[in-house]
Each structure stands twice: as C-alpha cells, then as structure tokens.
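Undergrad: Mind looking at a prediction? Sequence and model below.
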Amino acid sequence: MSIWLEDEIIVGFEIKGHAGYADKGYDIICSAVSAISYTAVGYFENKYNPEGKMDKISYIESDGYMKFTRPISTNSKEIIKDNAVLEAMVLGFKQVEYSYGSKFVRVKEEEV
C-alpha cells in the first residue's frame, strides 16, 4: 500500500492486491487492512458527505483495490484533526505489517 504525504500531511492512500495469507473470506490480514481503511474513509464520508454524496472526497474501490484522496480543509484545526485520523490508520497498517511481515503487507510512505 502507498501512503501519500504532502509536507508531512497525509493526503491519500492506495491499497492494491490481496494479502494471500489465507483463502478469500478467511484472510485475517485482508480483514484487518479493510477494517482499518474503511474506518478512516468512513470518518471522511460522515464529515464531508453527511448526505451520502461522494462529491467532496475522491474514493475508488473494487476487488482488491482502494484509492482515497482526502479533501483538504482551509481550517488548520481541521487539517490537524483529519490528519490524526489518517495517522492512526497508517499506524494500524504498520502494526499489521509488523505482526505478519512484509511478505503479506507492506506500507510505503511517499511525498507527492
């Protein structure tokens, strides 16, 4: 997975592929990554799209793929709050990587 940063602010992420730890439906690594990423995306959906419209966030999902780009607020307090959610998400991904190894999940942070 790729985590995109701009001046130390997380602006988005992309997750590709399946972990391959176990069969589909039984893969605890895929389940963990999915739960963590859906929680973060859900935060932004509820905050920026309370009526379910997807016009303020960029989000693509298909089997084994998720791409998300966050809306950037002009309010510095909101930027910090939103970034904290994504930092917690990245921490969760790194904990999964640490627990199960980079053979199954690899977190890569890159400046954009």
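TA: Perfect, thanks for sending it.

Undergrad: Below-threshold pLDDT in this protein: ranges please.
TA: Filtered on pLDDT under 70, the chain yields the residue ranges 52-55.

Undergrad: how about a cut-off of 90?
TA: Counting by pLDDT under 90, the chain contains low-confidence residues at 18, 23-25, 47-59, 71-75.

Undergrad: Nearest residue to Lys16 in space, please, no chain neighbours.
TA: Leaving aside its sequence neighbours, Lys16 sits nearest to Tyr65 (CB to CB, 6 or more residues apart in numbering; 5.7 Å). Heads up, the C-betas are built off the backbone N, CA and C, glycines and all.

Undergrad: Show the contacting residues for the one you found.
TA: Counting by CB atoms under 8 Å, 6 or more residues apart in numbering, Tyr65 makes contact with Glu14, Ile15, Lys16, Gly17.

Undergrad: Check the gap between it and Val96 for me.
TA: Counting by CB to CB, to the nearest Å, the gap from Tyr65 to Val96 is 18 Å.

Undergrad: Spell out the residue ranges of the helices in this structure.
TA: Applying DSSP state H to the chain gives helices spanning 28-48, 76-100.

Undergrad: tell me what the shortest one is packed against?
TA: Under the contact definition 3 or more CB pairs under 8 Å, 6 or more residues apart in numbering; DSSP states H and E, helix 28-48 sits against strand 9-16, strand 65-69, helix 76-100.

Undergrad: center of this structure, which residue is that?
TA: Nearest to the geometric centre of the chain sits Ser37, at 4.1 Å (CA atoms, centre = their mean).

Undergrad: Please point out which parts of stretch 6-26 sit buried.
TA: Residues Ile10, Val11, Gly12, Phe13, Ile15, His18, Ala19, Tyr21 are the ones in stretch 6-26 that count as buried (16 or more other CB atoms under 10 Å).

Undergrad: Make CSV out of those and add distance to Tyr43.
TA: CSV is the format used below for those (distance: CB to CB, whole Å):
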residue, distance to Tyr43
Ile10, 13
Val11, 15
Gly12, 14
Phe13, 13
Ile15, 16
His18, 24
Ala19, 23
Tyr21, 26
